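[1] A predicted structure for the sequence below; I have some questions about it.
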There are 2 protein chains.
Amino acid sequence: MDDVFKALDKSKQLRILNAAYQEFAEKGYKQASTNKIAREAGIGKGTLFYYFTSKEELFHDLVEESFRIADEQYLSKIDFSETDFFRRLKQTSELKWAVYQEQPHALRFMAQVFIHMEEYELPEELTVKRQAAEETWGKILTENIDFSKFREDIPQETAFNFIRWTIEGYRVELEQRIKMMGLDKLSNQTLEPYYDEFYGYLDTLKKIYYKPGLNE
Amino acid sequence: MDDVFKALDKSKQLRILNAAYQEFAEKGYKQASTNKIAREAGIGKGTLFYYFTSKEELFHDLVEESFRIADEQYLSKIDFSETDFFRRLKQTSELKWAVYQEQPHALRFMAQVFIHMEEYELPEELTVKRQAAEETWGKILTENIDFSKFREDIPQETAFNFIRWTIEGYRVELEQRIKMMGLDKLSNQTLEPYYDEFYGYLDTLKKIYYKPGLNE
DNA sequence: GACCTATTGACCACTCTGGTCAGAAAGAGT
DNA sequence: ACTCTTTCTGACCAGAGTGGTCAATAGGTC
């Protein structure tokens, strides 16, 4: 990432980064088109290569940047002293949402890199960072959680997976619904009803998977 | 679809169809490459265009064929007199699996067509078939199901969605795990443990979402 | 041999790719 | 007004890949 690029308006930087995140997340490294990234970002093709010397460099910068964002805006803000599973889940969802509002495709890009890591032959430095990140991500919903609140007639791991899958399924469906609405800009205003829906689902999950009598 | 093609060895037909299903399902119509389909199917490029006159005709034939398969091998075999939700789920999963073993990518292709239908401008005849199919697919897990078995302190629709999402999450994870193993051929033999795991999960879901005392 | 069908890959015109570069545009300093 | 520097651009390049064609084969049957 050029110093030139870092000296730009923050908003222009974000526009370019997001265009790139989206294209790479959607198509993968090889299929992604620098032409489309430039067009989507609203800059000339030459300008893109003025900021980033090559497609590969752009990609590596995105990897690094997305790791940094995940770290600074998400992982480091998680309150690991919260031992209640569902409050942890709520908290991390809110943090993720905050990231999403600024950089809608950064975390999706990162996930894509995680999954297809082996194809990319990243420089060693990034591979190291990635392994550290992978370890941390596994702990987000387990570290210091009081699992004794879970009902005992269902294996803990099964309950954990079921909750994960349910939330993920809801997330996918929500994404679909929102895409259908075709909004340009997602304000907190328009999404308020979805917060309620989501929190309602969390309560239901708690009722299902916690021991009876723990519903404060 | 040419008569020439239909006269081929069944196994050769399947090889070509599956290669095409996979490519289209993965990349969508425009991004799919006829070159890759031919190479993957192990036939010359000229041969592919000898069987199918154009990329578009190939695609339309696949749509038609996948609808036919879904109908004959799946939808029409569902026993709608089964009113128990979980037995219905088990039965339909087994049917889907049977289809998957012959045509691994046919149903995935069909799902892709469903989602991106509007971009494709299919001939009217296929649009009609598609609407009928969409209606039927919505009924698979609801038609003639005895929902009174579900516990009453959770909204029926919520319970239904949670189960759907859990199953779907498991399916995705299973797919991931199997891809990691990198098997060429999935025999019933190697997958036996997964049946048990799946049926175990179904029992757990029943315990969760049915009224207490209904676990025969 | 002749005849027919099945199969092929070199080839075509065309689009798109990542990347370059001469020069336009915009400031800044005088 | 003039110059110097930095920012920005799209026409342009060679190369790869596209859907589709077709003369040339190979193989079987009479």
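    The structure has been received and is ready for your questions.
[2] Report the contact partners of residue A:112.
    Residues in contact with residue A:112, defined by C-beta atoms under 8 Å, 6 or more residues apart in numbering or on different chains, are A:24, A:25, A:28. All C-beta atoms are positioned from the backbone trio N, CA, C, and that covers glycine.
[3] again, only using 10 Å
    By C-beta atoms under 10 Å, 6 or more residues apart in numbering or on different chains, the contact list for residue A:112 reads A:21, A:24, A:25, A:26, A:27, A:28, A:29, A:66, A:105.
[4] What of residue A:56?
    Residue A:56 makes contacts with A:29, A:120, A:121, as judged by C-beta under 10 Å, 6+ apart.
[5] ok, so what distance separates residue A:204 from residue B:208?
    11 Å (C-beta to C-beta, to the nearest Å).
[6] Of the two, give the one with the bigger neighbour count.
    Ranked by neighbour count (other C-beta atoms under 10 Å in any protein chain shown), residue A:204 and residue B:208 place residue B:208 first, with 21 against 17.
[7] for chain A, what's the longest helix?
    Among all segments of chain A classified by DSSP state H, the helix with the greatest residue count is helix A:156-181.
[8] how's chain A carved up into domains?
    A:1-80+A:104-144, A:146-216 (automatic domain parsing).
[9] Show me which positions of the lowest-mean-pLDDT helix or strand in chain A end up buried.
    Ranking every helix and strand in chain A by mean pLDDT, DSSP states H and E puts helix A:117-120 at the bottom, with a mean of 78. Neighbour-count burial for helix A:117-120 flags A:117, A:120 (criterion: 16 or more other C-beta atoms under 10 Å in any protein chain shown).
[10] And the next helix or strand past it?
    On the C-terminal side of helix A:117-120, the nearest following helix or strand under DSSP states H and E is helix A:124-139.
[11] residues of that following helix that come out buried?
    Residues of helix A:124-139 classed as buried by neighbour count (16+ other C-beta under 10 Å): A:126, A:129, A:130, A:133, A:136.
[12] for stretch A:40-60, same thing?
    By neighbour count on 16+ other C-beta under 10 Å, the buried set for stretch A:40-60 is A:40, A:41, A:43, A:48, A:51, A:52, A:55, A:58, A:59, A:60.
[13] Sort out which of those are in helices and list them.
    Of the buried residues of stretch A:40-60, the ones assigned to helices by DSSP H are A:40, A:41, A:48, A:51, A:55, A:58, A:59, A:60.
[14] how far away is the third one from residue B:130?
    According to C-beta to C-beta, residue A:48 and residue B:130 sit 40 Å apart.
[15] so who does the spatially most central residue of chain A touch?
    With distances taken as C-alpha atoms, centre = their mean, residue A:107 lies nearest the centre of chain A, 3.1 Å away. Under the criterion of C-beta under 10 Å, 6+ apart, the neighbours of residue A:107 are A:21, A:25, A:66, A:69, A:70, A:73, A:74, A:96, A:99, A:100.
[16] for those residues, which one is nearest residue A:143?
    The closest of the contacts of residue A:107 to residue A:143 turns out to be residue A:74 (C-beta to C-beta; 14.4 Å).
[17] Looks like the closest one contacts residue A:102 (just checking).
    No - at 11.4 Å, residue A:74 does not count as touching residue A:102 under the criterion of C-beta atoms under 10 Å.
[18] Those two - which one has more neighbours?
    Neighbour count, other C-beta under 10 Å: between residue A:74 and residue A:102, residue A:74 has more, with 20 against 11.
[19] and the more buried one, what pLDDT?
    Among the per-residue scores, residue A:74 shows a pLDDT of 96.
[20] Residue A:198 now?
    96.
[21] what do you get for residue A:1?
    60.
[22] Get me the contact residues on chain A for DNA strand D.
    Contact residues, chain A versus DNA strand D (C-beta under 7 Å from any atom of the strand): A:4, A:7, A:8, A:43, A:44, A:45, A:46, A:47, A:49, A:50.
[23] Please verify my assumption that residue A:76 contacts residue A:70.
    Yes - taking C-beta under 10 Å as the definition, residue A:76 is a contact partner of residue A:70 at 9.3 Å.
[24] shared neighbours of those two, anything?
    residue A:136.
[25] So for the two, which sits in the more crowded spot?
    Higher neighbour count among residue A:76 and residue A:70: residue A:70, with 20 against 10, using other C-beta under 10 Å.
[26] In chain A, which residue sits nearest DNA strand D?
    residue A:46 (1.9 Å; C-beta to the nearest atom of the strand).
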